[in-house]
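Student: Generate coordinates for the sequence data below:
(chains A, B and C)
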Amino acid sequence: MATLTLQSLGKSFGTTAAVTGVDLVVGDGELVCLLGPSGSGKSTVLRMVGGFEGPTAGRVLIDGQDVTHLPPERRPTSMMFQSHALWSHMTVAGNIGFGLRLRGLSRADVAQRVDAALDTVGLPGYGPRRTDQLSGGQAQRVALARSLVLEPKILLLDEPFASLDQHLRERLREEVRDLQKRLRITMVFVTHGQDEALALADRIVVMDRGRVQQADRPDRLYRAPATPFVAGFIGQMNLIAGEVAGGRFVQGAMVLAAPVADGPALLAVRPEALAVSFGTGAGRLHRVTDFGSHAVAEIDLPEGTRVKAHLPEAPDAAPGMPVTVTPRRHTLYRDDRVLWVSDTAPGAAPVAVDA
Amino acid sequence: MSTADLRLAWRDVDWTGIVLAAVMAVVIIGPLVVVGLWAFAEVWRFPSLLPQEWGLRYWGMTLGRADVWAALSVSLQLSFVVTLLSALICLPAAYAFARLDFPGRDVLFLSFLTIQAFPRFGLLISIATIFLTLGLVGTFWGVVLIQLVNTLMFMIWIPTAAFQNVDRRLEEAARDVGAGPIRVFWSVTLPQAFPAIAAAILLTFVGTFYETEGAWLIGAPHVRTMPILMISFINNQLVVQLGAVLSLMLWVPSFLFLLMARRWMGPEALGRGLGG
Amino acid sequence: MTDTATSGGAATGRPDASGRVTGLILVALPVAMVMTMIVWPIGLAILDTLWLPGPDGTGARFSVASYRFFFSDGYSLGNLWITIWTTAVSTAILMAIAIPLSIYLRFRTGRAAAVVQALAIFPLFVPSIILAYAFVRVLGPNGMVDIILANIGLPRIRSPYLTVWGPVIGFVWDNLPLTVVILLAGLSGVSTQAVEAARDVGAGRIATFRHIILPRIGPSILVAASFVVLGLFSAFTFPYLLGPAAPEMMGPFMQRTFGDVLDPVQARTQAVVTFLFCAAFGWFYVRSIAANRRRMAR
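Tutor: Residues are numbered from 1 along each chain as shown, chains lettered A, B, ... in the order given. Below is the predicted model of the structure:
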């Protein structure tokens, strides 16, 4: 149990910067997910915490102690790897007990703690097995036991379930979550799946191109994305580029009140916050997909953007039909920052004229 | 960059690699550079660090020697004959090992390993004593035979793997559009397997060109190849530069091989071939 | 494998039964060469050295006289000993260099690592005869090392040229590429994450090597060592050109017995002795390559 502090952490390979200026504090017993597309630098951050990469800038502190230059074997962290990374020349018990034996524990102590760890991950009696006799899910559990048995201050997980099928992934995810709550262990979890992050994390750090875009509670990320990237990455979002002039955002036929300085702006509207009326307007219905619980209409705006809108049920409308869209709630971005957030009251949308 | 950042960047440099590269450059490239210097030195007296006079005089001298031309001619003839015979004998066999089923196939395939499983010179002595009774010692064809044995393994194993790696679906697609079996072999199988087969042929040629021990044991003193001439230059030649010039000339086939090998095979493939 | 081969018969348009005959015909010539040029000479060498003509020159009979001579002759034993010593020392030095080098190459990427790899492979493309000449010019009397030492005011080295260390240096230089290549092939089976996981649970560099890397590349090390031992034990060129005249290694010794002393029986006896000393390595080498092939065929 411990706190992890990253101070303006950076890593560049030659002239390319993989990670730039990451500041983050992970509290005691907190589960933080690093979320981002591949190449966003999330794994590099995790590997710098684990000591597998040396940062080219900044510091890593664990409980206030600078570990930036310690090798992995001298850090109170433990990593679970994507490919489970079990040593195939050792048995399950050999894998779990390796770290303990290195610490000079007696044979009996090692055996006892290995058994306890196997119980924790729900694989009692698996000690004598060979690693190639394990299924994918079992191998990841053994890897988890191998990490937990050393009682690390911080557990690091690098997309540990990426190679498993959907069903197994969800089950292991829940087990890890329960275990984390029970043992109150500080965890940093890297993933590129937003479902996984939303299901697991106390807090999500969204990364893109080596920078932290936003670090926040899952619900806040969805409701108040700090940058257009986060807006587009978490859930679905319609992004429409336009201009603000004289207190109004204008794009094609769409005009919205925007009491901000003049200049370019990016309009972000969730599909569920887009009201649609059929029969008139400059938009053209492209397609309607019925998902049963709700329907999604894809609409071509006159300037070429295609937006999505959620409807309670599939309308009786043919492709090509004129459509008017009205944002009920929207956010304007400029220079990667929030410019203005509309009133939250539904139905109280500001001026929305669709010629 | 702040000083802290500079310190971090400094730690990130692969110092082990730089030191290793420097040491290995001196140990591995250094000796060859010295040979290169000698080849163009007209006067190099101890203890000067570099030759006092440079020039091509010894190139003229080396190229003017009849024994050099004779050895080069013998070496080239030998390499061509051995490579040709080896290809004629081994390539059909390689195809058979890759594509046909016959009794004892696996055992016969592994039998070529025996060439590698015995200390080579001991094996050569055993062969040479038989050649002695057959009157093959000191003859061109005796040397050809003994070189041929050396080439068998690579000339069968590499092309066999090449034929096995040709995607059967390509051949089936060709049959499908109406090509007969021989047509399929010439137009699909052979071109697909060609790079590896070419590599094996090249390996055979270069290997034969540089083979020293069999040529020395069977060929001496009548059949003198380039490496044998080089041995006598190292042992008996008082003019240092002649050996240096001959070394550079001798290196040409290996250098060409190096250029082509870079394209054809990575170290991993080579290692697997050797059973690592 | 069997079914690819049968469909091979179909692809070439031959029925299977004639494919069997064709196959045997196609491989007959090279297999016959192995039989007549490898198996027959070795068998004959063993037989003929044990089946000697009687003292009156007639009527061959079983006798271990030629082996008794070899193992009681001080000079022959000295040569055998120097061969064992040179082989053991060269192999040990090679491994001491090649194992750390391969581990470095396996786990490091970047420009420096690429240069190191190229340099480690380079001797593969330098014929040993050229290396022998370069050796004399660098480490021989008045060689480059002496020149450099003289220029910085140090005494000359005791040149390894024509001593037992001459062949050792040549062997190490010459065999480095293939040793590294074999070890790298073995190391490619050790995943980066497996090593990182070991560091993560507290293993330092030494412990990681001992417990994680070594168990995985042990077989590769043995293959590389067998390969080197087989190559070195009866090597001729380096000992002949760079080694001492007496005692000499088995290679030049056999050559002299055969070519200068004109004693084929004793030369063959020496050859059979080298076979015996290398039998274990040869067997191991063949076995592991055969196993490797079966694994790849599967």
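Student: Show me the longest strand that occurs in chain A.
Tutor: Selection of the longest strand in chain A by residue count, based on DSSP state E, yields strand A:274-290.
Student: and the closest residue to chain C within the stretch 1-150 of chain A, which of the three is it?
Tutor: As assessed by C-beta to the nearest C-beta, chain C sits closest to A:G99 within the stretch 1-150 of chain A, at 3.1 Å. In short, each C-beta sits where N, CA and C put it, glycine included. Here A:G99 is recorded as helix under DSSP: H, G, I helix; E, B strand; the rest coil.
Student: Tell me who's in contact with it.
Tutor: Applying C-beta atoms under 8 Å, 6 or more residues apart in numbering or on different chains to A:G99 gives the contacts A:146, A:149-150, C:201-203.
Student: which pair in these spans the largest distance?
Tutor: Greatest spacing in these, by C-beta to C-beta: A:V149 and C:A203 (14.4 Å).
Student: Tell me which residues are up against whichever helix or strand comes after the longest strand of chain A.
Tutor: Per DSSP states H and E, the first helix or strand lying C-terminal to strand A:274-290 is strand A:295-300. With C-beta under 8 Å, 6+ apart as the test, strand A:295-300 has contacts from A:271, A:276, A:283-289, A:306-315, A:317, A:323, A:325.
Student: Then stretch C:92-106?
Tutor: B:16-17, B:20, C:113, C:116-117, C:120, C:168, C:171-172, C:175-176, C:179-180, C:183-184, C:187-188, C:190, C:209, C:213, C:221, C:224-225, C:228.
Student: Any figure for the gap between B:L123 and C:F236?
Tutor: Applying C-beta to C-beta, to the nearest Å, the value for B:L123 to C:F236 is 12 Å.
Student: quick one: which of the two has more around it?
Tutor: Neighbour count, other C-beta atoms under 10 Å in any protein chain shown: between B:L123 and C:F236, B:L123 has more, with 26 against 22.
Student: residues contacting that one?
Tutor: Neighbour list for B:L123: B:115, C:38, C:41-42, C:271 [criterion: C-beta under 8 Å, 6+ apart].
Student: returning to that earlier point: and the longest strand of chain A, how far from the chain's centre?
Tutor: Mean-position distance between strand A:274-290 and its chain equals 32 Å (C-alpha atoms, centre = their mean, to the nearest Å).
Student: What residues of it count as buried?
Tutor: Neighbour-count burial for strand A:274-290, counted by 16 or more other C-beta atoms under 10 Å in any protein chain shown, picks out A:274-276, A:278, A:281-283, A:285-286, A:288.
Student: which residues touch stretch A:271-280?
Tutor: A:236-238, A:285, A:296-297, A:299, A:307-311, A:315, A:317, A:321-330, A:349.
Student: can you tell me the distance between the two ends of stretch A:308-318?
Tutor: 16 Å (C-alpha to C-alpha, to the nearest Å).
Student: Buried residues in that stretch, which are they?
Tutor: Buried residues in stretch A:308-318, counting neighbours by 16+ other C-beta under 10 Å, are found at A:308-311, A:315, A:317.
Student: now stretch C:160-177
Tutor: Buried positions in stretch C:160-177, judged by neighbour count with 16+ other C-beta under 10 Å: C:160-161, C:164-177.
Student: quick one: which of those sit in strands?
Tutor: Among the buried residues of stretch C:160-177, no member falls in strands (DSSP E).
Student: And for C:F209, the neighbour number?
Tutor: Close neighbours of C:F209, defined as other C-beta under 10 Å, add up to 17.
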